[in-house]
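**Q** can't give you the sequence, but here's the structure:
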């Protein structure tokens, strides 16, 4: 694995198909406002490119970035017991005509003046509630028609809410006084089980397409069905069964009655939409229980699948399952990236899906045909009585894996003698298999772990060069020990890098460069080079040749050169930015801003905060 930037032909790197650039740029402008000054969708556009055509901040001046405002949400006290991890502040704000819209772990929505951070309005769905619910929340969605503008989002408690974007008041014609209860039709028989929404819905014309966050155990519970609602009235338009019912395609992949009341197979990550093809691209999670499949023998469609649904009707157009009969919690964790590639001299509309396994799958957007060959390779059989692991798993021939799939004792971390001893003892005490090794009856290593590879931060795509940028976690799980594969300092137990930022040439299916992402200050003080850190959050890329990303566990926001992977700028945050940044152009000042939510929290960061921070060039 390459851990330092590769030498490349810069001229060749910067060349791209004129038709490709023009086509993707036009697609972005149609969603992002004049010249892409806004950030109107969670992923910049409905296809989740996380690309901005803004270029005021570039390689030559990015080092002049400075903090221009700071906003505090006020959610520093989550009422959690001492020693329990804080819920991370994972939101990516939207920017529409000078106003930022963001959400918090309490499902509050806040509107800020984009150039000053001044609060314009807030909406609190838990106002007056004594015991407040805090859940990871990644953002809201924006819809407009004529002069009407709405903010639409789901809450951690399973409500779909429409707000007037100008005032923050619930839209009275949507559902019941602005609120639709999402539980009926999917959780009727399980009134006390978890059901909520953590990612912003997809918007297609006048439809809101929404997934859900549900339990990982027990096996029976609320359904993971994907549904679409009319954005004006809140009426249900269609519902897709992610666990097929009798007579539906895929039902035969569930042995016996194992499909019945099966929970999981939910779309907890953001959904993408192609407004021209009229297709919604839905990433699904694993069936429950996600680490044991003895009561659900079979391939288990449509768990762990990329679904292409007709956005207007919910009709299945094509699908691909990236993990058969999942036993490893290998959900598809990230929004599919709708990209345009240069394949054999022609422009192809494609969809790229990053995964926890560090594998990247690329398909023709309309047909589902793989852009690069995908092989079904034999994997180990289960040794647990009653379990029946699927005999093969899909591996794309290109691009290569972005992270390790195994570790030997020689690869155990030696950053300190104490870490070396702890990690060697831990590895010796568990069974060490490669990827897709079924769990034995005793403790075992799972690599990548459930937070390994690419996670919900997903990837960003540069249309000028056909490059996908994705941050990866080199972190395993020590199953049976109920812990991550790390030491008491939370330093991973394999040799660095522990987290990387990777540039993938999607036109050729090769890695351009791969660099460590993040530092451990205590190890830098000992004279060690940057190790990278575990990371949660994602990157964005701009026409200025910059990848902006926080994500790492070291309380920093960084800018990297898209061509080389060289770090160009870094600044400290109040806590780690376990979120994806965004960028917009101030209408009054004409200044490009970069904004990040820095809340720390989760298992990676012991420091918490409630900060939203904005940066612009000095002067």
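**A** Good, I have the coordinates. These figures come from a predicted structure and were not determined experimentally. Numbers count the residues shown, from 1 in each chain.

**Q** Make sure residue 88 is actually in contact with residue 606.
**A** No - using Cβ atoms under 8 Å, residue 88 is not in contact with residue 606, being 11.9 Å away. C-beta: built from backbone N, CA, C; applies to glycine.

**Q** Need the residues touching each of these two.
**A** residue 600 (Cβ atoms under 8 Å, 6 or more residues apart in numbering).

**Q** The two: which has the busier surroundings?
**A** Legend: neighbour count by other Cβ atoms under 10 Å for residue 88 and residue 606, higher for residue 88 (27 against 15).

**Q** ok, now how distant is that one from residue 431?
**A** 31 Å (Cβ to Cβ, to the nearest Å).

**Q** and residue 423, which of the three is it?
**A** Three-state call for residue 423 (DSSP: H, G, I helix; E, B strand; the rest coil): helix.

**Q** surely it meets residue 411?
**A** No - using Cβ under 8 Å, residue 423 makes no contact with residue 411, being 10.0 Å away.

**Q** Between those two, which is the more surrounded one?
**A** Ranked by neighbour count (other Cβ under 10 Å), residue 423 and residue 411 place residue 423 first, with 26 against 14.

**Q** How about that one, nearest residue that isn't a chain neighbour?
**A** residue 493 (3.5 Å; Cβ to Cβ, 6 or more residues apart in numbering).

**Q** Return the residues in contact with that neighbour.
**A** Contacts for residue 493 (Cβ under 8 Å, 6+ apart) come out as 407, 412, 413, 419, 422, 423, 426, 427, 476, 485, 486, 487.

**Q** ditto for residue 336
**A** 47, 48, 272, 281, 283, 306, 351, 352, 353.

**Q** could you measure the last one against residue 588, distance?
**A** Residue 353 sits 39 Å away from residue 588 when distances are taken as Cβ to Cβ.

**Q** Residue 487 reaches residue 419, doesn't it?
**A** Yes - when contacts are counted by Cβ under 8 Å, residue 487 is listed as touching residue 419 (5.0 Å).

**Q** Quick check: neighbours shared by these two?
**A** When Cβ under 8 Å, 6+ apart defines a contact, the residues bordering residue 487 and residue 419 alike are 413, 493.

**Q** which stretch of helix or strand covers residue 531?
**A** Residue 531 is part of no helix or strand when elements are defined by DSSP states H and E.

**Q** per-residue pLDDT, it?
**A** With respect to pLDDT, residue 531 scores 97.

**Q** so what's the backbone phi/psi at residue 60?
**A** Backbone torsions for residue 60, taken as degrees, to the nearest 10, come to phi -80, psi -20.

**Q** any chance you could map the strands in the stretch 151-300 of the chain?
**A** Using DSSP state E, counting those that start in this stretch, the strands assigned to the stretch 151-300 of the chain run over residues 159-164, 179-181, 195-196, 202-204, 207-210, 213-214, 226-230, 236-240, 272-274, 279-283.

**Q** Using CSV, lay out the ones you listed together with mean neighbour count.
**A** CSV is the format used below for the strands of the stretch 151-300 of the chain (neighbours: other Cβ atoms under 10 Å):
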stretch, mean neighbour count
strand 159-164, 22
strand 179-181, 18
strand 195-196, 23
strand 202-204, 25
strand 207-210, 24
strand 213-214, 24
strand 226-230, 23
strand 236-240, 17
strand 272-274, 26
strand 279-283, 27
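
**Q** Looking at those strands, spot the one closest to residue 469.
**A** strand 272-274 (16.8 Å; Cβ to Cβ).

**Q** Nearest residue to the residue nearest to the spatial centre of the chain in space, please, no chain neighbours.
**A** In the chain, the residue lying closest to the centroid (Cα atoms, centre = their mean) is residue 456, at 2.0 Å. Leaving aside its chain neighbours, residue 456 sits nearest to residue 333 (4.8 Å; criterion: Cβ to Cβ, 6+ apart).

**Q** neighbours of that neighbour, just the number please.
**A** By other Cβ under 10 Å, neighbour count at residue 333 equals 22.

**Q** any idea how far residue 178 is from it?
**A** Residue 333 is 30 Å from residue 178, by Cβ to Cβ.

**Q** got it, and residue 472?
**A** To residue 178, residue 472 is 40 Å away according to Cβ to Cβ.

**Q** more neighbours, these two?
**A** Here residue 472 and residue 178 are set side by side on neighbour count (other Cβ under 10 Å), and the busier one is residue 472, at 27 against 21.

**Q** quick one: the helices in this protein?
**A** Under the criterion DSSP state H, the chain contains helices at 10-14, 18-32, 417-428, 521-525.

**Q** Buried residues, the last one. List them.
**A** In other words, helix 521-525. Residues of helix 521-525 classed as buried by neighbour count (16 or more other Cβ atoms under 10 Å): residue 523.

**Q** who's in contact with that helix?
**A** Helix 521-525 is contacted from outside by 415, 416, 489, 491, 530, 531, 554, using Cβ under 8 Å, 6+ apart.

**Q** Pick the one among those residues closest to residue 155.
**A** Of all the contacts of helix 521-525, residue 155 sits closest to residue 554, with 31.3 Å by Cβ to Cβ.

**Q** Surely that closest one touches residue 530?
**A** No - using Cβ under 8 Å as the test, residue 554 is too far from residue 530 to be in contact (9.6 Å).
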